[in-house]
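Trainee: Quick one, what's the 3D model for this:
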Amino acid sequence: MCGHSSGVIGFPLRLLAREVYAKACRIKGENQVALITGEERIEPPNARYFLCTAEAMPRDGGGKAFVALDEAQLCADRERGHIFTDRLLHARGREETMLLGSSTLEPMVRQLVPEAQVEERPRFSTLTYAGSTKLSRLPSRSAVVAFSVEQVYQVAELLRRFRGGAAVVMGALSPDTRNKQVELFQSGEVDYIVATDAIGMGLNLDVRHVAFAALSKFDGVRQRRLTPAEMGQIAGRAGRHQTDGSFGTLSGNRRGAPLELGEDEVYAIENHKFAPVTKLFWREPDPRFDRLDVLIDDLESKPQVEGLVPAPEAIDLAVLKRLAENPQITTGLTTPGLVRRFWEACQLPDFRQQGADAHARFVSRLWSDLQGGHIGADFVAARIGELGNTSGDIDTLQGRLAAIRSWAYICQRPDWVLARDEMAARARAAEAKLSDALHQRLTERFVNRRTSVLMKGMGKDAGLLRVKLEDDGRVTVEDQPIGHLEGFRFVVDADASSEERKLMLAAAEKHMAALLAAKAQKLVADELGDLRIENGQVLRGDQLVGTLEKGKSPSRPRLVMAKELGQLDPAHRSRLEEALEHWLEGQLAPLAPLRALEEAALDPEAGTEVRALLLTLADRNGTTRREDAGLAHVPKEKRPFLRRLGVTIGSLDVFVPALLKPAPRALLKRLGLDTRDLQENMAAVIEGGKHVPAGYRRAGKQAIRIDMAEKLFRAAHEQRAKASQTKDQRGFPIDLALPTSMGLLPESYRSLMKDAGFRPGQAQELVEGMFGPPRPVLWTWRAPRKDFGHGERPPARHHKGKPKGKPQGGPRGKQQGDRGKAPPRRREPTGDGGQAFAGLADLLKKG
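Mentor: Numbers count the residues shown, from 1 in each chain. Sure thing, here's the model as predicted:
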């Protein structure tokens, strides 16, 4: 539309017109765009682009360059189909006309508008039938569709109890309330939305699954099963654009047989193949107003075009016929102008949805005011003021909203109300205020924010929740109270339901350790001052508070209080002991990866081989040499189990990277579990000394943290793999930028890489007369396999000229006579034998 000089689009819903109006304003500016619906009219003097409901758009297109009709398949709708059929037949743009709708309408369009060109836009995502699901097992980001207010409320209430709540969308809600409820779902505050079939049109939602709570509805005449096309319209809300979706039914229906979709229905929905529309509803769009009976006859006349059938009696015609039987009304309709005005009054939409009889009484009272001229502004203002009261329950507010929408429609008519613009503004303001109040009531009733927060806490983002311990002992999650602490015991909030108690206890289990440690820290600080752990003791300054003795495992030492504290009275001593235990638990938090190893070693899934490796790692505080790990006994299918525990199997070491951080290394040192030297900041590369600190590997005159060494080894192996793909037998280059950035000297790097089996070749000098950077040194690799299985002996070769008693498998394993020679041809190992220099090292160790 915006690509033309002017245009108009007719929509089936007011909220759709408003949504597109906002987009058009951003593109063209507010002074160029108009919004016209039955209840709202924003029409700048120079407007060129009009967004309207189908009823409000010009019948012939208004002479605009572009005309479009959205959801044109509604031509087959019983209540409004005749409106859409009239626009399909007569609304035309000077330059382009576009009919948007389901492919089921295509045969009728080809028959009635033979000049139309049909273009298809396929759905990018896949829609899959998921069968029947219990409400308690409904996946998140689901929409449940029901077809009565009672059932909507029932499902929403159950979701509030068990899943924290749901947004509610019904056709009876005002567009503002509907949008606010949708935003509740879209923002992620709730993961479920319960709706009537109003969800099937005009709402773009982040829904992944649609569950039908019913498969039949009352269509104004009878209770009937949904057609496959109607099911497809609703199920299509699941998955949008390139995101796949699913649909199914709710199980556990107590009112009758379980809900089931037939095979044909499932096939039609999944493949978007529905029966074509074979008839469109029509009603005389330009009736005569000579007399009331002539008007009714024209409105009930039959179409003369094949494919069109008379529209069922809509509510406006039903109201007209009922009031035509009232002589007090008919006697006053003496001119065509009055008959036309009376018909316009009968076309007032039934926002209250109370049926033809009740709506006829409302129109009768309205006509008693209109037949004499305009309705007074004071009378309208008083009615709007009465309806603007925001007190009451959901049903009361819905009734007021329906009534205020009726008055908003009345105030939009050009010749019905005095001070029309002022009254229309008052009606819109009252509608907005009532919409806010209704949204608040719906949220209060169907959203349990505390349960919703806790349900999210059970998911993968539980660690992101804000859990606080207030000064008065209350525990809150995302500012929602879940209970309080009595001493160091968590007590669930007294007003919680039985379902909420389970969630609260689960949340407490996830977060209480940190909160109890914080409380213990405060209590201990108040009683004893600042404490520290040093050499396996708990100290206050230089005063002994307790000793850490061997517990169930190295990461769980047992605290024995100092004898001096034994003089406290039993109650005070018990309280202090409990506080100290929680304080200690908080202090030991950095050792959580070590505890994970200890616990996994007790898991039957681990098996004896993995259990031995885990016990070795735990005993050596998270690091061990590869040759000591017994990897030859560890089945390959157990490697993922180790990875889940955070264990890295490196070229030379098996280690847990999380235990190479400063906090756990310092704590292991203070507990007395690791007596080796400590590098406090655990820098990547440090100067070497007589003793290598814990977590490091010697690299020439330097030492490198073992995870950083493994990073270098893996980078070299990646280069080796690339060279093997090109079948280059000369070797492979290694980029020295990474070790240089770590602070590793060239000679230290070469020494380290030799330990892993990498050998540098000779640097090739440039030919005389050539200039530029030197050619990169080519490296070769031989596997230093030392992790042999039990009872295996690595093969060895006898080499002359090597001094006895000196290991030859490390950086100094090269013979003096080899210096200056070209690197030997690379040869890959076969089986578990390894290479000669690795076997010789082990042989000489035994000698």
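Trainee: Only C-alpha atoms from now on, for both contacts and neighbour counts.
Mentor: Noted.
Trainee: Can you give the strand pairings for the helix or strand where Thr476 lies, parallel or anti for each?
Mentor: According to DSSP states H and E, Thr476 maps onto strand 474-477. Within its sheet, strand 474-477 is paired with strand 467-469 (antiparallel), strand 480-486 (antiparallel), according to DSSP bridges.
Trainee: from memory Ile329 sits against Leu323, does it?
Mentor: Yes: at 7.1 Å, Ile329 counts as touching Leu323 under the criterion of Cα atoms under 8 Å.
Trainee: Counting neighbours, go ahead and name the busier of those two.
Mentor: For Ile329 versus Leu323, neighbours defined as other Cα atoms under 10 Å are more numerous around Leu323 (20 against 15).
Trainee: which residues does the more buried one contact?
Mentor: Residues in contact with Leu323 (Cα atoms under 8 Å, 6 or more residues apart in numbering) are Ile329, Ala360, Ser364.
Trainee: for Ser142, same thing?
Mentor: With contact taken as Cα under 8 Å, 6+ apart, Ser142 is in contact with Asp191, Tyr192, Ile193, Val207, Arg208, His209, Val210, Ala211.
Trainee: how many other residues sit next to the nearest residue to the first one once chain neighbours are set aside?
Mentor: In space, and not counting its chain neighbours, Asp191 is closest to Arg141: 4.8 Å by Cα to Cα, 6 or more residues apart in numbering. For Arg141, the tally of surrounding residues (other Cα under 10 Å) stands at 19.
Trainee: Per-residue pLDDT of Arg141, please?
Mentor: Per-residue pLDDT puts Arg141 at 90.
Trainee: How about Pro824?
Mentor: 44.
Trainee: Then Phe274?
Mentor: 90.
Trainee: Could you do Arg361 as well?
Mentor: The model reports Arg361 with a pLDDT of 94.
Trainee: Could you say which helix or strand holds it?
Mentor: Using DSSP H and E, Arg361 falls in helix 356-370.
Trainee: ditto for Ala22
Mentor: Ala22 belongs to helix 14-28, assigned by DSSP H and E.
Trainee: repeat for Ala56
Mentor: Ala56 belongs to no helix or strand when assigned by DSSP H and E.
Trainee: from now on call the first residue 367
Mentor: Done: numbering now begins at 367, and the last item shifts to Ala422.
Trainee: separation between it and His370?
Mentor: Ala422 sits 21 Å away from His370, taking Cα to Cα, to the nearest Å as the criterion.
Trainee: what's the answer for Ala726, then?
Mentor: 43 Å.
Trainee: quick one: which of the two has more around it?
Mentor: Set Ala726 next to His370 and count neighbours by other Cα under 10 Å: Ala726 wins out with 23 against 13.
Trainee: tell me the contacts of the spatially closest residue to the more buried one that is not a sequence neighbour?
Mentor: Nearest non-adjacent residue to Ala726, counting by Cα to Cα, 6+ apart: Val685, 5.0 Å away. Shown in contact with Val685 (Cα under 8 Å, 6+ apart): Cys712, Ala722, Asp723, His725, Ala726, Val729.
Trainee: Could you check how far Val685 is from Arg1141?
Mentor: Counting by Cα to Cα, the separation of Val685 from Arg1141 is 95 Å.
Trainee: do Phe647 as well
Mentor: 83 Å.
Trainee: Those two: who's more crowded?
Mentor: Phe647 (24 against 11).
Trainee: Need the three-state assignment for that one.
Mentor: Using DSSP: H, G, I helix; E, B strand; the rest coil, the three-state assignment for Phe647 comes out as strand.
Trainee: What score does it have for pLDDT?
Mentor: Looking at Phe647, its pLDDT is 96.
Trainee: ok, now the one 10 residues further on?
Mentor: At Arg657 the predicted local distance difference test score is 92.
Trainee: try Lys885
Mentor: 62.
Trainee: likewise Arg941?
Mentor: 73.
Trainee: got the buried residues for the helix or strand that contains it?
Mentor: Assigned by DSSP H and E, Arg941 belongs to helix 936-953. Neighbour counts over helix 936-953 (16 or more other Cα atoms under 10 Å) mark Leu942, Glu943, Ala945, Leu946, Glu947, His948, Trp949, Leu950, Glu951, Gly952 as buried.
Trainee: swap in stretch 400-414?
Mentor: In stretch 400-414, the ones that count as buried by 16+ other Cα under 10 Å are Ala400, Leu401, Ile402, Thr403, Gly404, Glu405, Glu406, Arg407, Glu409, Ala413, Arg414.
Trainee: Let me see the ranges of the helices in the stretch 517-666 of the chain.
Mentor: 541-552, 594-601, 629-637, 658-665 (DSSP state H, counting those that start in this stretch).
Trainee: closest one to Asp452 among these?
Mentor: helix 658-665 (13.3 Å; Cα to Cα).
Trainee: What helices and strands are in contact with the helix or strand following the closest one?
Mentor: Where DSSP H and E defines the elements, the next helix or strand beyond helix 658-665 is strand 674-676. Strand 674-676 sits against strand 646-648, with contacts defined as 3 or more Cα pairs under 8 Å, 6 or more residues apart in numbering; DSSP states H and E.
Trainee: in its sheet, what does the strand it packs on sit against?
Mentor: Sheet pairing here is set by DSSP bridges, and for strand 646-648 it gives strand 674-676 (parallel).
Trainee: Which residues does the strand it pairs with contact?
Mentor: For strand 674-676, contacts defined as Cα under 8 Å, 6+ apart pick out Lys645, Leu646, Phe647, Trp648, Arg649, Glu666, Ser667, Lys668, Pro669.
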